[in-house]
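**Student:** Just the structure for this:
(one chain, ligands or ions: 1)
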Amino acid sequence: MTDGAREHATSDSGVPADTTLRLAELLETLEDVEEVFILTHDNPDPDALASAAALAVLLGRIAGLSTRVAFGGIIGRAENRSLTQEMEIEFERMEGLEIPPGAAIAMVDTQPRAGNNALPAGRIVSVVIDHHPERLDTTAVPFKDVRTEYGASSSMLVEYLRAADVEPEPWLATALFYAIQSETMDLGREASEADVAASMFLYLRSDPAAISRIRHARVPASYFRSVHEALGAARKHGSVIAVPMGTLPYPDMVAEVADIFLQMKGVAWTLASGRYRDRLLFSVRTWDARAHAGILMREAIGERGSAGGHGTLAGGQIDLRGLSDEAAEELRGSIMDDLLRALGVDPETSATLIRGDDDVES
Ligand SMILES: [Mn+2]
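**Tutor:** The predicted structure follows:
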């Protein structure tokens, strides 16, 4: 093999050729910066946590930059709490936190003004690395890498690590691997070849026992209370299941509920809603790979709140401050009905899930 051929083989091993260029651009953007404040979305999921950590490790190792990683909201889901316990990085909560005026801000798995992050108004963002559709406010960001064809932001970060020759330690490989699997339903949902390549690379470097501890994390009793409530509240409208929940133990529960019912035979879509503190939360899931769940959610929520997502999964939220409980309940009902109508089913015609009429099919 000639030197040239070897060079080509190395640069071609699962990392797009332009990653080196992107990496150089990223470093150039942060050239005169000493501290980078990495912000991800509220109530972060594994993809948000792992990609934020990966960016911190990358910038620390190749540019000697000091970094801080933060998020708004809380980490609720048991698997995600267990994940952070396996990670050797400190996550800070944005509540009561001020971003140092001199720090550059990098956002991962979210974008400025996406409505799902705690970016203070008026703060300029230097870096965006994300796989959600590009937002208007991202246009002005000096370094933006938005790739909607990727199933996970974590897969993008893996390419940066590989291009920079930064070998991820087992805890980081574990976090990134788990993030990609959880975000893509084990590479079955909106996963690209890049997500598969990143997973292969990571699995060899991960700690399988840690992955097991995360996947099989113990859940609190409140989880079962919520599942019990959800089973009773679920209504089946043809192939759509709608689950109006009351108060949630933590914000992610609304997505967990939507996931649970998607497992049911004959179900194409699931919608769940519930309340956490002063927020009304919505979650939608579908098996339809050609669907536009993000657009569906954004249209249903409209100006009343914020929403976003991908083709097959999306979320939305509305600030309930100033609304009475009755008004909040009415608002929730009308948005759930709008979502059902948008999916072509009648909100008025439904069956309960437990002891329903159509649960006898094999
Ligand atoms: Mn993501």
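
**Student:** pretty sure V240 is touching M264, no?
**Tutor:** No: using C-beta atoms under 8 Å, V240 is not in contact with M264, being 11.1 Å away. For the C-beta atoms, the positions are set from N, CA and C on the backbone; glycine is no exception.

**Student:** When those two are compared, which one has more neighbours?
**Tutor:** V240 (22 against 14; other C-beta atoms under 10 Å).

**Student:** tell me the contacts of the closest residue to the more buried one other than its chain neighbours?
**Tutor:** Take V240 and drop its neighbours on the chain: the residue closest to it by C-beta to C-beta, 6 or more residues apart in numbering is W269, 4.5 Å away. If a contact means C-beta atoms under 8 Å, 6 or more residues apart in numbering, then W269 has 239-241, 284-288, 343 as its contacts.

**Student:** Over to L39?
**Tutor:** By C-beta under 8 Å, 6+ apart, the neighbours of L39 are 52, 69-71, 94, 99, 105-108, 110, 117-119.

**Student:** Kindly provide the distance from the most centrally placed residue in the chain to P120.
**Tutor:** Relative to the mean C-alpha position of the chain, the nearest C-alpha, by C-alpha atoms, centre = their mean, is the one of D45, at 5.0 Å. In this view, D45 and P120 are 22 Å apart by C-beta to C-beta, to the nearest Å.

**Student:** D337 too?
**Tutor:** 35 Å.

**Student:** can you pull the contacts of the residue in the stretch 251-362 of the chain that the ion sits nearest to?
**Tutor:** In the stretch 251-362 of the chain, the residue that lies nearest the ion is H310 (8.1 Å; C-beta to the ion). Counting by C-beta under 8 Å, 6+ apart, H310 makes contact with 131-132, 148, 190, 293-294.

**Student:** Contact residues of the chain facing the ion?
**Tutor:** Listed as neighbours of the ion in the chain under the rule C-beta under 5 Å from the ion: 47, 109, 153.

**Student:** residues near the second one, how many?
**Tutor:** A count of nearby residues for D109, using other C-beta under 10 Å, gives 32.

**Student:** got the residue ranges for the strands in this protein?
**Tutor:** 35-39, 66-71, 91-93, 104-108, 127-130, 143-146, 235-237, 240-247, 269-276, 279-286, 306-309, 313-319, 351-352 (DSSP state E).

**Student:** elements contacting the third one?
**Tutor:** Using 3 or more C-beta pairs under 8 Å, 6 or more residues apart in numbering; DSSP states H and E, the elements in contact with strand 91-93 are strand 66-71.

**Student:** please redo it, this time with the cut-off set to 10 Å
**Tutor:** strand 35-39, helix 46-63, strand 66-71 (3 or more C-beta pairs under 10 Å, 6 or more residues apart in numbering; DSSP states H and E).

**Student:** try the shortest one
**Tutor:** Taking 3+ C-beta pairs under 10 Å, 6+ apart as the contact definition, the neighbouring helices and strands of strand 351-352 are helix 221-233, strand 235-237.

**Student:** do the same with the fourth one
**Tutor:** Packing partners of strand 104-108 (3+ C-beta pairs under 10 Å, 6+ apart): helix 19-29, strand 35-39, helix 46-63, strand 66-71, strand 127-130, strand 143-146, helix 153-163.

**Student:** one step back: so which of the contacts of H310 would you say is closest to A351?
**Tutor:** A293 (23.4 Å; C-beta to C-beta).

**Student:** Find the nearest non-adjacent residue to the closest one, please.
**Tutor:** That would be A314: by C-beta to C-beta, 6+ apart, it lies 4.1 Å from A293.

**Student:** from what I can see the one you found touches A307, true?
**Tutor:** Yes: under the criterion of C-beta atoms under 10 Å, A314 makes contact with A307 at 6.5 Å.

**Student:** follow-up on the earlier one: now, of the helices and strands packed on strand 351-352, which is deepest in the fold?
**Tutor:** strand 235-237 (a mean of 20; mean count of other C-beta atoms under 10 Å).
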